[in-house]
Every structure is written in structure tokens, then in C-alpha cells.
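In: Sequence plus predicted model, see below.
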Amino acid sequence: MNPPFTIQKRVEFGDTDMAGIAYFPNFFRYMETAETDLLHTLGISVSWKEGDTRYGFPRVSVSCDYKSPARFEDILDIRVIVEEIGRKSIRYRFEFFRQEQPIAVGKITTVFCRNDANHQMISCEIPHWLREKLQPHLEGDNNNSHT
């Protein structure tokens, strides 16, 4: 496995509550930003169009466990780990740190989908080219990928 893809995010004033602590739902925005940045480095997006077909990764499960508060102007390191590449789904783990102090751990599960002619989302098998791009970010010995 490559070192985890990492971004930095400053906690902005508007991200905090009256106590100056990052409001909990903002961690979900931070995770989505980190996922999008990872995909962009691979030449992919979370949503794109080919011809008349739109492809994307809607979320089917999200969670976040908080260990320590993040405060206004903290710089967070957000590590993105691909935990599993299933037949149709991808599960990510996001590890939040402030100067190596654990802040939170979040997870997102997405499903690869396309829109049909009636604009209905249909789950699809993850194409081989997409698996290959994500594979270097897969955690562990890469044996938990379903091909």
C-alpha cells in the first residue's frame, strides 16, 4: 500500500459552534472534500458524464467517531484509506489528526452508479480501469478487493 493520501484542512470560523469547536456535521464535508481530492489525483471525479450517461458514487453509508474536539484555526491532516473495493461499492476510512493527535475517524461507503434514460440511478459493477486506479490506495495486502 502507498502511504495514505492526505490533505490538510483548516477549521474555519464558520465551521465552529458557539463553543469554538468544529460542528460535527462539518466532518462529513471534510471527508467528501478529501475523497474528491483523492479521486481528482487519479483523474476521476465523484460524478461525470460520458455521452448521455451520468456516472457517480452516491453515498449509502456514512459515520464518524469523534475522539477530541477540533477548534477554530486548527490545521487537520485528513488521511484517506480505501478499506475495500467491492463488486459495486467502495468503502473509505478517513483519519483526522491535529499534529499527530487523533481527532476523529470517519467512514463512507459509496456505490458506483449510472443514470439510465429515465434518469433512474442503477448500481453497476466497478469497471476494471477504475479498480486499477484505486488499487494502490487499498489498505493492507490488497487481498480484500473483490474482482
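Out: Nice, thanks for sending it over.

In: The helix-or-strand element of the chain with minimal mean pLDDT packs against which elements?
Out: Of all the helices and strands that make up the chain, the one with the lowest confidence by mean pLDDT, DSSP states H and E is strand 47-50; it has a mean of 89. Helices and strands touching strand 47-50, by 3 or more C-beta pairs under 8 Å, 6 or more residues apart in numbering; DSSP states H and E, are strand 53-56. No exception for glycine: its C-beta is placed from N, CA and C like everyone else's.

In: go with 10 Å
Out: Helices and strands in packing contact with strand 47-50 are listed as helix 26-41, strand 53-56, strand 113-115; criterion 3 or more C-beta pairs under 10 Å, 6 or more residues apart in numbering; DSSP states H and E.

In: all helices of this protein, in order?
Out: Defined through DSSP state H, the helices belonging to the chain, from first to last, are 26-41, 128-134.

In: Specify the beta-bridge partners of the residue lying closest to residue 37 once chain neighbours are set aside.
Out: Sequence neighbours aside, residue 7 is the residue nearest to residue 37 in space, at 5.3 Å (criterion: C-beta to C-beta, 6 or more residues apart in numbering). Taking DSSP bridges as the rule, residue 7 bridges to residue 78.

In: From residue 83, how far off is the nearest residue in space to residue 109 that is not next to it in sequence?
Out: Nearest residue to residue 109 in three dimensions, chain neighbours excluded: residue 61, at 4.1 Å (C-beta to C-beta, 6+ apart). Using C-beta to C-beta, to the nearest Å, one gets 12 Å for the distance from residue 61 to residue 83.

In: Which one's more surrounded, these two?
Out: Neighbours around residue 61 and residue 83, counted as other C-beta atoms under 10 Å, are more numerous at residue 83. The numbers are 16 against 11.
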